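Participant: Prediction below, plus the sequence it came from.
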Amino acid sequence: MPSWSCLYCTLINDPFYTICQGCGSQKPMDKKPTKSVGSMVPKIITDTVRDVSNAISDLVTIKERRPAHNFVRVSHFRTPLPNGPFVDGQSNNPNDNQYPSTSTFFVDTPQVERPNRYENVQDAAEDPHQPSMCSKITSTLKKEAKKKSDVIYDDIIKYCTASNSPFIDDQFLHNKKSIGVLHFTKNGVKRHEEPDFLHWLRPSQMFTKDGRSFPWSVANNPRPSDIEQGTLVGDCWLMSAMALIAERPDVLDEIIPRKQYSHYGVYQIRLCVEGKWKVVIVDDFFPCYQHTNSIAMAVGRRNQLWVPLIEKAMAKELGSYSKLHGASLTQGLSMLTGASCVNYNCPPVPINSDDVDTFWALLVSSKESGFLMCCHCGAFENAVAESEFRAMGLLTNHAYSILDVVYEHGHRLLRIRNPWGQFVWKGKWSDGWPGWPVDLKQRLLNMRRDETGAFWMELDDFVARFASVTVCKLRMDWSELRVTQDVGSRSDKALQMIVTETCEMSVTAFQKGAFNKTDNLNDLMVCVHRTAGDGRVGELVEMSSRIADNHFTIDEFFLTPGEYTIVCHSQRALLAHKKGRVNIVVHTRFPIFAEHIALTRKMTQESLHQVIIKEGDVVQNTNNGVVIRTLTNKFRGMIIMADNCLENKYLHVGVDCSHSMNIQSSRGLLQIVDVVPPLSRQVLIVLSTIDDSAQYRVSNNLKLTTSRSPERRIPRKRSF
């Protein structure tokens, strides 16, 4: 089947497309375009240039074998943009081992604008025929999730009542698979064992430290000291998060909506799993040691079930208890609250006083805002450094809760808690420190001795020994929007939003199926753009770093009324054709309206251009109209883009990045030669890390020259 040419923009489309990939026009019945239309656009330029592919791969085009000739076909096509700005073009390389290249062209010919759908954003928001989504108050979404779960819950209760038997969850069976292979340390030795020494018991069958002193309950005036982490699963991240939740009864009430002890063992736990609200139903059978009948996982002191129930619901969602090992504080707080969670690194050593002041202001403002905070003690491979930490009562690579932040008598103090309930700080301001002022000792220490595992620490000692602080920005009155998008597929979407009044916004991205994974993840870069009047992706407002993580958050930023577009980029999905799904969560001070739209290659290009223009650096700006930009900020790699502003000269560019380390090229090669036509913008190459956890180095040697001929010339002039 032959390729076909669009009647309106003359783009040569692949035969399996029925819609023009340039302007969206329908495939014509007559394959021959009219001369009147063809004369309105630049002619097709054919040149004997052995081009290599450009940085942006066409996500929706299947790569086919092409003839082994060495000339390149460049199609210049118009898009409906006003006032003759840059217009996208496509350069197809005949080499089947490389990617199609893209560039952008100026045009001054009259163009047909896309009709504006609305006079203003308020009209758009009120259009009943618009297939849009509206963000909702968090509490409303939680109620909707619970309402769906209540139907299942009621059916289970009816069955258990009729059969007079306890509930047994057939979706999380009482077997070794639900526990998984356990990774734990015993007598200083790391062990990996099958859970053959465990069996499943109900509360009435278990032995506890509190014996029969307290009746079994779901929650009985819960407090952080109720939480004791088990020794078989490394989920201190979850225990620390729950310790903070214990300080907020209103939040715990949202997680466990039914507080009554169930004689049939049926419980609902509301979680936010990978950015989506879900009510998980669990039974009350827990893994216990066979020789003692004591619970082997997390324990709720005073015979409370809220701690092991939440842990079990988490394990059910992940597949087993063993998969709780080694997640992060942000994941724990995010799953329990659904709020945006942001990591802040402690000031580096040597410590700068201004950095410490700024960091302290962050802690104080977070506490005053009612946010939840956790911290992570620094991890050291050096055994000597680790032993020094242990001698001071701290555990490296361990999560702690921040219970309070106070300023007393010129001292900046933090109240910190170890979820183990023991092993605490032994330095200044510890319980046994002799330097306590009498009044502070009575007010800060003696009145809080019931908080097991908690201790006071001065800010200077804290920043010297802790790596980061996680802030959970819990706001019950904010609105949220939760959507799923594909990455690296033909069905990729962008999220177009309508903001009706000035508000704050944060954006969180979760990679689906990657909760506790760190390897083989797609990299992601989320960009928030203004939407231009004609529907184009416009000015960059905010962006995340390019990062290969299971989740990340763009911290709060302000938006004024208007339309915006969120675009997700993934170099790994682009190069390796590795599809993935991403849950996008948008938190805003006021409700917003949104809809999914198709993410075309053109939109991806526009987004990347705007990122480079705003975040990149101009490294070459010649007097004759050539501009070279590079992007390294927030990217872990480099993007090089060239603007040829000359009216009648071609820009010939040579890029040599062969001395880079741990770097892959979007062009398939680290040495390229390219030709940028007159009045054109082109991304020359995208360099990204292969292993995102390892060190990398980008070296580049760029040469350029200009000529009136498109015939390829090897540039001799060194640019940088």
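Facilitator: Perfect, I can see it now. It should be emphasised that the depicted structure is a prediction, and the values quoted were computed from it without experimental measurement.
Participant: Just the element for Cys509, please.
Facilitator: No Cys there; residue 509 is Ala. Using DSSP states H and E, Ala509 sits within strand 503-511.
Participant: After that strand, which helix or strand is next?
Facilitator: As assigned by DSSP H and E, the chain's next helix or strand after strand 503-511 is strand 525-531.
Participant: List the strands paired with that following strand, with their directions.
Facilitator: strand 537-543 (antiparallel), strand 562-569 (antiparallel) (DSSP bridges).
Participant: which of those strands sits most buried?
Facilitator: Among the strands paired with strand 525-531, ranked by average contacts under mean count of other Cβ atoms under 10 Å, first place goes to strand 562-569 (a mean of 23). C-beta here means a position set from N, CA and C on the backbone, and glycine is covered the same way.
Participant: from the chain's centre, how far out does that strand sit?
Facilitator: 15 Å (Cα atoms, centre = their mean, to the nearest Å).
Participant: Then stretch 328-343?
Facilitator: Relative to its chain's centre, stretch 328-343 lies at 12 Å (Cα atoms, centre = their mean).
Participant: do the same with stretch 392-409
Facilitator: Relative to the centre of its chain, stretch 392-409 is centred 27 Å away, using Cα atoms, centre = their mean.
Participant: That one spans what distance, first to last residue?
Facilitator: Stretch 392-409 stretches 25 Å from its first residue to its last (Cα to Cα, to the nearest Å).
Participant: same question, stretch 672-686
Facilitator: Stretch 672-686: ends 12 Å apart by Cα to Cα.
Participant: can you put the strands paired with strand 525-531 in TSV and add mean pLDDT?
Facilitator: Output for the strands paired with strand 525-531, formatted as TSV (pLDDT from 0 to 100):
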stretch	mean pLDDT
strand 537-543	96
strand 562-569	95
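Participant: hmm, back to that, who does the strand holding Ala509 pair up with?
Facilitator: Sheet pairing for strand 503-511, using DSSP bridges, gives strand 551-559 (antiparallel), strand 580-588 (antiparallel).
Participant: Determine which of the strands paired with strand 525-531 approaches Pro257 most closely.
Facilitator: Nearest to Pro257 among the strands paired with strand 525-531 is strand 562-569 (32.0 Å), distances taken as Cβ to Cβ.
Participant: for the strand holding Ala509, what is the average pLDDT?
Facilitator: The pLDDT scores in strand 503-511 average 95.
Participant: C-terminal to the longest helix seen in the chain, what's the next element?
Facilitator: Criterion DSSP state H: the longest helix present in the chain is helix 138-163. Per DSSP H and E, the first helix or strand lying C-terminal to helix 138-163 is helix 176-179.
Participant: per the record, what domains does the chain have?
Facilitator: Per automatic domain parsing, the domain ranges recorded for the chain read 121-136+478-610, 166-337, 340-473, 620-707.
Participant: Rounded mean pLDDT for the longest one, please.
Facilitator: Across domain 166-337, pLDDT averages out at 91.
Participant: starting at the chain centroid, how far to that domain?
Facilitator: 26 Å.
Participant: Kindly report the same for the shortest one.
Facilitator: Chain-centre distance of domain 620-707: 27 Å, with Cα atoms, centre = their mean.
Participant: what's the model's confidence in that domain, averaged?
Facilitator: The average pLDDT for domain 620-707 rounds to 91.
Participant: Span of that domain from start to end?
Facilitator: 18 Å.
Participant: What of the second one?
Facilitator: The separation between the terminal residues of domain 166-337, taken as Cα to Cα, is 30 Å.
Participant: Could you do the third one as well?
Facilitator: Distance across domain 340-473, first residue to last, is 6 Å (Cα to Cα).
Participant: and that domain, what's its mean pLDDT?
Facilitator: Rounded mean pLDDT across domain 340-473 is 88.
Participant: Determine how far it lies from the middle of the whole chain.
Facilitator: 27 Å.
Participant: For stretch 368-387, which outside residues touch it?
Facilitator: For stretch 368-387, the external contacting residues (Cβ atoms under 8 Å, 6 or more residues apart in numbering) are 237, 240-241, 244-245, 247-248, 329, 332-333, 337, 363, 366-367, 389, 394-402, 405, 416, 462, 465-474.
Participant: Pull out the buried members of those.
Facilitator: Buried members of these, scored by 16 or more other Cβ atoms under 10 Å, are 237, 240-241, 244-245, 247, 329, 332-333, 337, 363, 366-367, 389, 394, 396, 398-402, 405, 416, 462, 465-474.
Participant: So which of the residues you listed are in helices?
Facilitator: Going by DSSP H, the helices hold 237, 240-241, 244-245, 329, 332-333, 337, 363, 366-367, 389, 462, 465 from the buried ones among the contacts of stretch 368-387.
Participant: what about the nearest residue to Ile498 once chain neighbours are set aside, how many neighbours?
Facilitator: Distance criterion Cβ to Cβ, 6 or more residues apart in numbering; nearest residue to Ile498, sequence neighbours excluded, is Phe593 at 4.3 Å. For Phe593, the tally of surrounding residues (other Cβ atoms under 10 Å) stands at 21.
Participant: Start the count at 737 instead of 1 going forward.
Facilitator: Yes, from this point I'll number from 737; that puts the last item at Phe1329.
Participant: can you pull the pLDDT of Phe1329?
Facilitator: 91.
Participant: bridging residues for it?
Facilitator: Cys870, Ile1234.
Participant: Kindly report the same for Val1362.
Facilitator: Residues in beta-bridge contact with Val1362 (DSSP bridges): Asn1380.
Participant: Quick one: mean pLDDT for stretch 1335-1345?
Facilitator: 91.
Participant: Off-centre distance for that stretch?
Facilitator: 20 Å.
Participant: I'd say Cys1304 and Thr1220 touch.
Facilitator: No - in this structure, Cys1304 is not within contact of Thr1220 by Cβ atoms under 8 Å, at 11.3 Å.
Participant: got the residue ranges for the helices in the stretch 1287-1436 of the chain?
Facilitator: Remark: helices assigned in the stretch 1287-1436 of the chain by DSSP state H, counting those that start in this stretch are 1307-1312, 1337-1351.
Participant: Format those helices as a markdown table; extra columns: mean neighbour count.
Facilitator: Output for the helices of the stretch 1287-1436 of the chain, formatted as a markdown table (neighbours: other Cβ atoms under 10 Å):
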| stretch | mean neighbour count |
| --- | --- |
| helix 1307-1312 | 21 |
| helix 1337-1351 | 21 |
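Participant: quick one: which of those is nearest Arg1403?
Facilitator: helix 1307-1312 (10.0 Å).
Participant: re the thing from before, reformat the helices of the stretch 1287-1436 of the chain as CSV; add distance to Leu968.
Facilitator: Converted to CSV, the helices of the stretch 1287-1436 of the chain look like this (distance: least, Cβ to Cβ, whole Å):
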stretch, distance to Leu968
helix 1307-1312, 35
helix 1337-1351, 46
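Participant: who wins for proximity to Arg948 among those helices?
Facilitator: helix 1307-1312 (56.4 Å).
Participant: returning to what we had before: identify the contacts common to Cys1304 and Thr1220.
Facilitator: 1318, 1320.
Participant: Need the CA coordinates for stretch 1302-1313. PDB is fine.
Facilitator: In PDB, the C-alpha atoms belonging to stretch 1302-1313 read as follows (Å, rounded to 0.1, in the frame of the first residue of the first chain):
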ATOM      1  CA  ILE A1302       0.500  18.300  31.500                       C
ATOM      2  CA  VAL A1303       2.800  16.200  29.300                       C
ATOM      3  CA  CYS A1304       4.800  13.100  30.500                       C
ATOM      4  CA  HIS A1305       8.100  12.400  28.800                       C
ATOM      5  CA  SER A1306      10.100   9.200  29.000                       C
ATOM      6  CA  GLN A1307      13.300   8.700  27.100                       C
ATOM      7  CA  ARG A1308      13.500   5.000  28.100                       C
ATOM      8  CA  ALA A1309      10.000   4.300  26.900                       C
ATOM      9  CA  LEU A1310      10.900   6.200  23.700                       C
ATOM     10  CA  LEU A1311      14.100   4.300  22.900                       C
ATOM     11  CA  ALA A1312      13.300   0.800  24.200                       C
ATOM     12  CA  HIS A1313       9.600   0.900  23.200                       C
END
